[in-house]
Each structure stands twice: as C-alpha cells, then as structure tokens.
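1. Give me coordinates for this.
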Amino acid sequence: MENDEQHNDSALEPTNTKLIWLTGLLIITLFAPTIAWLFQRWTMGVWQNGHSILIAGVVIYLVWKELQKNHRLTKSSSALGFALLIPALLLLMLDTGIHTQLLSAVALFLALPGLSLLFMGVQRTKVILFPLSILLFTLPIPLAFTESIHLTLRHIAAKSVGWLLRQLGVPNFTSGTLIEIPNGALQVADACSGFSILYATVTIAILTAYMCPSIIRRLLILVIAIPLAISVNIIRVFILTMLVHWIGLDVLATSAHEISGLLTFVVALPIIFWLGQAPIKE
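-> Numbering: from 1, shown residues only. Below is the predicted model of the structure:
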C-alpha cells in the first residue's frame, strides 16, 4: 500500500511541475510590461531606486535559502492563494486602463505569495513571506507621496551644512534650502535631499536585521538606519559645498556631483552590513 502511494506521488510530480512552469509563463506574459518598467526604473541611477536590483537579488537568494532549509515542511495547496491572486489580477486589469504601472507592480508582488499558497501551501509560504514582502521596498514611490519628506530632508541638510561651515570659519547664509557662500549659492534640490539613500538604507537595514540572529544587533541596525542615512547625505552636501568654496560652482557640472551620490551608498550600506556581523556582547 505504501509503495502504491509513493508511486502515485511520483507520478503526480511531473504534472505539478508542468503546471508550475505553465503558470509561471502566464504570469511573466501578463506582467511583462510591468517587469520591463520596474527594471527601467531600477536602472535609472542612484537617485531613482538604484538599490532595488540589489534587493531583488537578495530576496531571490533568501527565498531559495528558506525553502532549502525548510524542505521537510509539508508541500500542499491552499485555496487561500486565490484571496491574494484574484485582487492582484483585478489591480492589473485596473492599471491596464489607467496605465500607472505602479498598480501593476503592486499586483505582481501581491500575486507572488498567492501563487506560493496555491502551489506550496501555508507552511512553506510562511517561511518566505517576509522576504517576498521586502519586494514592496523596491517600488518607485511617486514624488507626490514623498514631497514633504524630501522637503524636510532638504531643510535638515541645508541647516546642518550651514552649521558645519560656520565651525570651519566659512562665511555663509542659509535660508530654507538655499546655502549661500562667497563663491556662489547652492540649492539643496530633491535629488540631493538624501531620500534615495534613506530608502535604500532602511530597506537594507530591515533585510540585514532579518538575517541577523542577535536581537541586540537587530535593534541597533533598525535604530541607526535613519540617522545614518541622513548623516551620510549631510556629509555629501557639505563636501560639495566645500568644493564650491575652493573651486567654484563649475565643480557641480563635473562628475564629482554624481560620484558623491554614489559614495553615500558605498559608505552607508557597508556600515549596515558590518553592524549585522560585528561582535556585540549580549
């Protein structure tokens, strides 16, 4: 009897595999324009969700790792998947008419746990639900939703840089988001607000905390993420202002402007990773 059951299970495996591949092909076909749009936004530069490619790769790795670690969990099918898959398809249909692509991207990330429930069941979906949810942090956020945050960050950067300049004896006048020095005036624009590095740092901090076994490290990483991102951006704006003070406004038209933006990621993200590994006495 046991042999017959094993034989039936093995006979069903190829059918299940074919169904999974067919469903995957259909999902890719349905969401192809959305996937192309996401990739285009992810690769626009450090100012526009430049961290998302890294996040997507880490999520894929974590999902694979969790499934490997929990391969003994019961593999079944749950109709709860339709509770996520049907709204996802409705969102996709809605966005087909209004063409925001953002709604379609939300629908795509909503469909993934729904498909997991349908093909792998509740237990396996639970262990990969958190990594899948992190994909939401790769969504490009419209400026209309973050304008107040951008403005606040711009004011913080301008006032902080003005204070640092005074400590070094550099005459300056700060008004709102404008920094005036003898060699010219610098406007802290949205691209220099530091929102991109803040978004990336918080996302990486959440992922690093998830992978970190220590509760103390997790709390430290989550607490330090926002002030770290803001501080790194302040240093960036300060360095650019000092370059203008020494060389002139023409320096902003050089690659120094873009390189300084990239360096904020190079500095902040490794610090988060290091905090996740640094030895801390518990």
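
2. As CSV, could you dump the C-alpha coordinates of stretch 201-211?
-> Presented in CSV, the C-alpha positions along stretch 201-211 are these (Å, rounded to 0.1, in the frame of the first residue of the first chain):
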residue,chain,number,x,y,z
THR,A,201,19.4,52.2,3.9
VAL,A,202,16.1,51.5,5.7
THR,A,203,15.4,48.6,3.2
ILE,A,204,18.9,47.1,3.7
ALA,A,205,18.6,47.5,7.4
ILE,A,206,15.4,45.6,7.5
LEU,A,207,16.9,42.8,5.4
THR,A,208,20.1,42.7,7.5
ALA,A,209,18.1,42.6,10.8
TYR,A,210,16.0,39.7,9.4
MET,A,211,19.2,37.7,8.7
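
3. in that stretch, what counts as buried?
-> Of the residues in stretch 201-211, those with enough neighbours to count as buried (16 or more other Cβ atoms under 10 Å) are 201-209. Every residue, glycine included, has its C-beta placed from N, CA and C.

4. ok, now stretch 181-192?
-> Within stretch 181-192, the residues scored as buried using 16+ other Cβ under 10 Å are 181, 183, 186, 188, 190, 192.

5. pLDDT below threshold where in the stretch 151-282 of the chain?
-> In the prediction, the stretch 151-282 of the chain carries residues with pLDDT under 70 at positions 278-282.

6. That one: helices as residue ranges?
-> Counting by DSSP state H, counting those that start in this stretch, one finds helices in the stretch 151-282 of the chain at the ranges 195-211, 215-246, 256-277.

7. so which of those helices gets nearest residue 119?
-> Residue 119 lies closest to helix 195-211 among the helices of the stretch 151-282 of the chain, at 23.6 Å (Cβ to Cβ).

8. Next, the angle from that closest one to helix 256-277.
-> Counting by axes from the mean of the first three to the mean of the last three Cα atoms, to 10 degrees, helix 195-211 points 20 degrees away from the direction of helix 256-277.

9. Counting by contacts, list what helix 195-211 packs against.
-> If contacts are counted by 3 or more Cβ pairs under 8 Å, 6 or more residues apart in numbering; DSSP states H and E, helix 195-211 sits against helix 52-69, helix 102-134, helix 143-167, helix 215-246, helix 256-277.

10. Using a markdown table, lay out these together with mean neighbour count and distance to residue 81.
-> Output for the helices and strands packed on helix 195-211, formatted as a markdown table (neighbours: other Cβ atoms under 10 Å; distance: least, Cβ to Cβ, whole Å):
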| stretch | mean neighbour count | distance to residue 81 |
| --- | --- | --- |
| helix 52-69 | 15 | 16 |
| helix 102-134 | 19 | 3 |
| helix 143-167 | 16 | 29 |
| helix 215-246 | 18 | 30 |
| helix 256-277 | 17 | 33 |
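
11. quick one on the thing from earlier: just send the helices of the stretch 151-282 of the chain back as TSV, with distance to residue 142 too.
-> Below are these laid out as TSV (distance: least, Cβ to Cβ, whole Å):
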stretch	distance to residue 142
helix 195-211	12
helix 215-246	20
helix 256-277	21
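
12. circling back: possible to save the helices and strands packed on helix 195-211 as a markdown table with distance to residue 77?
-> Compiled in a markdown table, the helices and strands packed on helix 195-211 are given as follows (distance: least, Cβ to Cβ, whole Å):
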| stretch | distance to residue 77 |
| --- | --- |
| helix 52-69 | 16 |
| helix 102-134 | 6 |
| helix 143-167 | 37 |
| helix 215-246 | 34 |
| helix 256-277 | 36 |
